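Chemist: got a predicted model here, sequence first, then my questions.
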Amino acid sequence: GSSPNFRSALAIAAKAARTRVPALITGRSGTGKEVFARAIHGASPRGRGPLVMLDCSAVAPGLIASSLFGHERGAFPGAFERHVGQLVQADGGSIIIDHVECMPAEAQALLMQFIHSQDVQTVGGNIRQRVDLRIIATSSNPLDRMVDSGHFREDLYEALSAAQINLPSLSERRSDIAPLARHLAARIGSLPQMPAASITDAAMQLLAAFAWPGNVRQLQDVLFRATLTSGTGILTPEDFPAIQAAVEDSSNSS
């Protein structure tokens, strides 16, 4: 991408990679937050260390603390075995806490304690273990608004946002749609059993006219389906019927 708002996000991410402070990546779903998080880890001095990921939206709220800190056998109903937490697993590397906005208050408090002490105490245990890692958090919701509404701790927000990167939506960087589409089409064509595909100028104009509410992830999915179903290896507007219909509907309604 070459749009100014995207280049600004890249510059902040590059600076963040060289530091040891926590990083917070915000942006709508599909803008590439996880890609940025992995790139920050890979470009950092910890790049050869482990990279562990916790998706708070995919874990039951009551289990997030034990996922992060681990638990001892019998610590709670269903804890039949001792579990090593992801903070310990990430020692010497980085942990990506995806969808940190879904973290419940109890886990927020424990995470804030960890940031201050760098000590991990398992749920149901008394022994503390010192770990050295870097936290990279992502959020699809503006955390400052969640702080204002009382749904997120202000001190945790301030700690996580020592380096804050806001990824623009694809609709806010329309000049990047064409180079992104070509890049993604080339990546898709390099996959096993996938044909190489080029995109006509007319098809590119169609893609540039669409709003892309699902952002870069949606663009990749659309190109994947079109490449899979196209029999010619040349993608034309007819290979994107849903996009074509949506653009036409938008033009008619305006």
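Modeler: Now that the structure is in, tell me what you want to look at. These numbers come from a predicted model, not from an experiment.

Chemist: quick check, residue 168 in contact with residue 30.
Modeler: No: with contact defined as CB atoms under 8 Å, residue 168 does not count as touching residue 30 (11.9 Å). Where C-beta positions appear, they are placed from N, C-alpha and C, glycine not excepted.

Chemist: average pLDDT for the helix or strand containing residue 218?
Modeler: Applying DSSP states H and E as the criterion places residue 218 in helix 215-229. Averaging pLDDT along helix 215-229 gives 95.

Chemist: go on, stretch 65-83?
Modeler: 74.

Chemist: from here on, count from 747
Modeler: Okay, residue one is now 747; in that scheme the one you just asked about reads as stretch 811-829.

Chemist: how close does residue 806 get to residue 829?
Modeler: According to CB to CB, to the nearest Å, residue 806 stands 14 Å off from residue 829.

Chemist: sorry, wrong one. I was asking about residue 974.
Modeler: The value you get for residue 974 to residue 829, if CB to CB is used, is 40 Å.

Chemist: now do the helix or strand following the helix holding residue 964: which elements does it pack against?
Modeler: Following helix 961-975 in sequence order, the next helix or strand is strand 980-981 (DSSP H and E). In terms of contacts (3 or more CB pairs under 8 Å, 6 or more residues apart in numbering; DSSP states H and E), strand 980-981 is packed against strand 944-945, helix 961-975.

Chemist: who's more crowded, residue 806 and residue 829?
Modeler: residue 829 (17 against 8; other CB atoms under 10 Å).

Chemist: so who does that one touch?
Modeler: 812, 816, 817, 868 (CB atoms under 8 Å, 6 or more residues apart in numbering).

Chemist: then residue 776?
Modeler: Applying CB under 8 Å, 6+ apart, the residues near residue 776 are 916, 960, 961, 962, 963, 964.

Chemist: hmm, residue 915 and the second one touching each other?
Modeler: Going back to what we said before, that points to residue 960. No: judged on CB under 8 Å, residue 960 makes no contact with residue 915 at a distance of 9.8 Å.

Chemist: distance of residue 860 relative to residue 831?
Modeler: From residue 860 to residue 831 the distance is 10 Å (CB to CB).

Chemist: much appreciated, bye for now.
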